[in-house]
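Visitor: how does the following fold in three dimensions:
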Amino acid sequence: QVQLVESGGGLVQAGGSLRLSCAASGLTFSNYNMGWFRRAPGKEREFVATISWTGARTIYADSVKGRFTISRDNARNMVYLQMMNLKPEDTAIYSCAASLDFGLAAAYDSWGQGTQVTVSS
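Guide: Predicted structure coming up:
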């Protein structure tokens, strides 16, 4: 059974930083492309970033480009999202997901429950 468990969320002031982690189990992690998504209150889930199975390719949403960095450690079955210069509009529940596809149109097979990020102004 695939499990994706996020951690690292919390309350931070605008301009601050957080590092989210996602621990994967129950799958051959190095075969999967990984993504981060977020859902803000009253809004639909939106794409944040994705990283290919080797880590060589990444894609970011325009709203986070230059502030967020996605990375992975295949030896540890982990994917990370380093978030810098956080803004109140980054407040959301952040979830990681796994896909055998790569790209903005990728279909994700498995999802984590999410971790709350709250940015105060």
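Visitor: so which residue is dead centre in the chain?
Guide: By CA atoms, centre = their mean, the mean C-alpha position of the chain lies nearest to Trp36, the distance being 2.5 Å.
Visitor: so what does it have for phi and psi?
Guide: For Trp36, the backbone dihedrals are phi -120, psi 140 (criterion: degrees, to the nearest 10).
Visitor: number of nearby residues for Ser95?
Guide: Residues contacting Ser95 under the criterion other CB atoms under 10 Å number 22. To be clear about C-beta, it is placed using only N, CA and C from the backbone, and glycine gets the same treatment.
Visitor: what sits against Glu46?
Guide: Phe37, Arg38, Arg39, Ala40, Ala61 (CB atoms under 8 Å, 6 or more residues apart in numbering).
Visitor: what's the per-residue pLDDT of the second one here?
Guide: Okay, so that is Arg38. In this prediction, Arg38 carries a pLDDT score of 98.
Visitor: helix, strand, or coil at it?
Guide: Assigned by DSSP: H, G, I helix; E, B strand; the rest coil, the conformation of Arg38 is strand.
Visitor: let me know whether it touches Ala97 as I believe.
Guide: No - using CB atoms under 8 Å, Arg38 is not in contact with Ala97, being 11.3 Å away.
Visitor: ok, back up a step: partners of the residue nearest to the centre of the chain in the sheet?
Guide: Partner residues in beta bridges with Trp36: Ala49, Cys96, with DSSP bridges as the criterion.
Visitor: got a list of what it touches?
Guide: Contact analysis of Trp36 by CB under 8 Å, 6+ apart lists Leu20, Cys22, Val48, Ala49, Thr50, Ile70, Val79, Leu81, Tyr94, Ser95, Cys96, Ala97.
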